[in-house]
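K.L.:
make a model of this:
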Amino acid sequence: MTGMLEKRFLERSQARVEVRQVFHVSKVGLVAGCMVVSGEIHRNSSVRLVRDAKVVYEGKVASLRRIKEDAAKVAAGFECGIALERFQDVKEGDVIEAFTLEEIPAELSRSQS
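P.N.:
Model prediction:
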């Protein structure tokens with residue numbers, strides 16, 4: 001019965017990242033030079049790009065780099081370079097919010113007994 005119930009997800013915030021500068025890199029395209037303000041961003045994070053309080057993009061991180069080296073994660077207080085999958089319209093002042101979706105287990109109603 002629980003497999004037939006609609007799946008519900010809970011969104012958990014991982015990190016808040018500010019775009020400080022945008023670089024054009026050959027073979028990659030635009031890379032956002034960022035500062036991690038809070039939390040910890042991971043290479044496989046789902047992200048949302050916010051500009052002027054509006055969500056402009058929602059997708060995944062294509063690459064995460066720290067000091068010219070690939071990084072698995074970058075913690076608060078550190079700078080990093082982020083490229084987003086299939087999105088090249090990043091501007092200075094944008095905010096990148098990293099999040100995860102966790103499935104909430106479905107519970108059957110006990111009032112049916």
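K.L.:
list the buried residues in stretch 16-35.
P.N.:
Residues 16-17, 19, 22, 30-35 are the ones in stretch 16-35 that count as buried (16 or more other Cβ atoms under 10 Å). (Glycine included, C-beta is placed from N, CA and C.)
K.L.:
buried residues in stretch 6-15?
P.N.:
Buried-residue list, stretch 6-15, by 16+ other Cβ under 10 Å: 14-15.
K.L.:
can you mark which positions in stretch 93-109 are buried?
P.N.:
94-99.
K.L.:
run through who's touching it.
P.N.:
1-2, 5-19, 32, 34, 39, 41-42, 45-51, 56, 61, 82, 84 (Cβ atoms under 8 Å, 6 or more residues apart in numbering).
K.L.:
for the lengthiest strand in the chain, which helices and strands make contact with it?
P.N.:
Taking DSSP state E as the criterion, the chain has its longest strand at strand 8-25. Taking 3 or more Cβ pairs under 8 Å, 6 or more residues apart in numbering; DSSP states H and E as contact, the helices and strands that strand 8-25 lies on are strand 29-42, strand 79-84, strand 95-104.
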